[in-house]
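[1] This is the structure alone, sequence omitted:
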Ligand SMILES: [Zn+2]
């Protein structure tokens with residue numbers, strides 16, 4: 001799409017591009033972008049359109065990421081503007097790179113703003129985007145309930161969200177489930193083979209940085225103690241739970257073994273999606289899965305992810321209870337099994353799966 005007349009668009013509510021709170025990057029960015037702009041109207045995807053370009057970690061992933069590759073190709077390295085698929089003056093937010101060389105400047109705008117810009121096809125527009133890169137301190141919150149042996153199962157959920165939204169679904173729902181599960185089982189775990197480490201990770205929304213740093217700084221012998229990561233991200237807002245298994249050998253069997261005796265099951269999605277903290281565990285060879293809801297249900301409330309409409313009214317208590325029950329069963333089964341619940345990945349397998 002070529003836009004070659006000047007249009008000054010009010011984008012005061014649009015998310016600035018880049019990663020504004022990454023330690024080590026401290027500069028003020030005030031970009032006047034005068035260029036051809038690609039307006040990408042996001043179609044509803046697996047988790048709802050608004051999430052599609054963000055949930056996969058920015059440019060690289062574009063798993064759905066063909067969106068980004070397409071934009072990159074069309075833009076020739078110029079600016080990209082992502083518009084929410086959902087009418088209602090809802091700008092989309094998320095991570096779209098770290099502002100480094102090679103990143104395409106990017107902004108999220110509402111469906112209406114996208115439509116208005118798209119109507120300017122063939123004209124030049126002038127897009128003002130302002131953002132600030134500055135040092136911020138962020139903490140992961142970790143606690144461990146020891147089991148009989150040294151091995152641990154990691155129950156994780158990210159605690160950060162974007163400031164235009166309540167982030168009720170993404171990820172207050174996962175956080176609530178993680179806290180509920182560990183509260184319910186903390187007196188049971190000490191009698192089991194393995195303990196539980198609860199990892200409440202920060203800066204997930206910016207390239208999974210919190211869990212990446214946590215695992216990178218961990219001694220290899222400590223990483224070796226972690227046998228499985230059950231990652232809870234966006235567990236309410238739709239009916240039913242899906243496990244993103246990344247095709248890890250033995251994971252589907254483990255899920256069945258853990259859930260079937262209670263008459264429960266989850267949907268399975270096997271392709272690797274590096275859209276939450278489980279991806280970092282997989283990169284270190286630690287079997288990991290993400291539980292989520294709304295998969296392949298684009299009309300569910302998941303379509304409001306990463307917009308100002310991700311509010312508590314989209315979350316229903318029965319959805320939270322189902323998610324917490326499933327998570328508890330998986331954690332208990334993983335802690336109780338005599339052998340590792342899922343075989344560890346060798347380096348080549350981990351690289352292949354997360355490539
Ligand atoms: Zn999330």
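    Sure thing, it's come through. What you see is a predicted model; the values in this text were computed from it and never measured.

[2] residues in contact with the residue nearest to residue 295 when sequence neighbours are not counted?
    Excluding the flanking residues, the one nearest residue 295 by CB to CB, 6 or more residues apart in numbering is residue 242, at 3.8 Å. Placement of C-beta: from N, CA and C, glycine included. Neighbouring residues of residue 242 by CB atoms under 8 Å, 6 or more residues apart in numbering: 266-269, 291-293, 295-296.

[3] let's see 6 Å
    If a contact means CB atoms under 6 Å, 6 or more residues apart in numbering, then residue 242 has 267, 269, 292, 295 as its contacts.

[4] now swap in residue 290 and tell me
    So residue 290 contacts 231, 233, 244, 276, 278 (CB under 6 Å, 6+ apart).

[5] Around the ion, pick out the residues from the chain.
    170-171, 233 (CB under 5 Å from the ion).

[6] Now neighbour count too, for these, in JSON lines please.
    What follows is the residues of the chain next to the ion, written out as JSON lines (neighbours: other CB atoms under 10 Å):
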{"residue": "170", "neighbour count": "31"}
{"residue": "171", "neighbour count": "30"}
{"residue": "233", "neighbour count": "27"}
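
[7] can you tell me the helix or strand for residue 184?
    helix 174-185 (DSSP states H and E).

[8] before we move on, what about residue 227?
    Assigned by DSSP H and E, residue 227 falls in strand 226-232.

[9] and the helix or strand just after that strand, average pLDDT?
    Next helix or strand after strand 226-232 toward the C-terminus (DSSP H and E): strand 242-244. The average pLDDT for strand 242-244 rounds to 95.

[10] partner strands of strand 242-244, parallel or antiparallel?
    Strand pairing for strand 242-244, using DSSP bridges, gives strand 267-269 (parallel), strand 288-292 (antiparallel).

[11] Include mean pLDDT and distance to residue 161 when you put the ones you listed into a markdown table, please.
    Below are the strands paired with strand 242-244 laid out as a markdown table (pLDDT from 0 to 100; distance: least, CB to CB, whole Å):
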| stretch | mean pLDDT | distance to residue 161 |
| --- | --- | --- |
| strand 267-269 | 95 | 23 |
| strand 288-292 | 97 | 15 |
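
[12] Most tightly packed of the ones you listed?
    Among these, strand 288-292 has the highest mean neighbour count (mean count of other CB atoms under 10 Å), at a mean of 28.

[13] And the helix or strand following it, what does it pack against?
    Sequence order places helix 317-336 as the next helix or strand after strand 288-292, per DSSP H and E. Where contact means 3 or more CB pairs under 6 Å, 6 or more residues apart in numbering; DSSP states H and E, helix 317-336 is packed against strand 152-158, helix 174-185, strand 226-232, helix 251-259.

[14] got those as a markdown table, with mean neighbour count and mean pLDDT columns?
    Output for the helices and strands packed on helix 317-336, formatted as a markdown table (neighbours: other CB atoms under 10 Å; pLDDT from 0 to 100):
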| stretch | mean neighbour count | mean pLDDT |
| --- | --- | --- |
| strand 152-158 | 27 | 98 |
| helix 174-185 | 20 | 98 |
| strand 226-232 | 26 | 98 |
| helix 251-259 | 18 | 98 |
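
[15] can I get these in TSV with distance to residue 196?
    Formatted as TSV, the helices and strands packed on helix 317-336 follow (distance: least, CB to CB, whole Å):
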stretch	distance to residue 196
strand 152-158	5
helix 174-185	7
strand 226-232	9
helix 251-259	14
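
[16] Residue 212: which of these is closest?
    Of all those, it is strand 152-158 that lies closest to residue 212, at 11.9 Å by CB to CB.

[17] Check which residues of stretch 195-212 are buried.
    In terms of neighbour count (16 or more other CB atoms under 10 Å), stretch 195-212 has its buried residues at 195-212.

[18] what do you get for stretch 215-228?
    215, 225-228.

[19] Check stretch 332-352 too.
    Of all the residues in stretch 332-352, those buried under the rule 16+ other CB under 10 Å are 332-337, 340-342, 344-345, 349-350.

[20] pLDDT averaged over it - what is it?
    Mean predicted confidence for stretch 332-352 is 97.

[21] which other residues reach that stretch?
    147, 153, 189, 192, 194, 227-228, 250-251, 254, 258, 285, 287.

[22] and the end-to-end length of it?
    End-to-end span of stretch 332-352 (CA to CA, to the nearest Å): 29 Å.

[23] got the residue ranges for the helices in the stretch 51-200 of the chain?
    For the stretch 51-200 of the chain, the helices defined by DSSP state H, counting those that start in this stretch cover 66-75, 111-118, 174-185.

[24] and the second one, what does it pack onto?
    In this structure, helix 111-118 makes packing contacts with strand 37-41, judged by 3+ CB pairs under 6 Å, 6+ apart.

[25] hmm, back to that, so which of the buried residues of stretch 195-212 sit within strands?
    Under the assignment DSSP state E, the buried residues of stretch 195-212 contribute 195-201 to strands.
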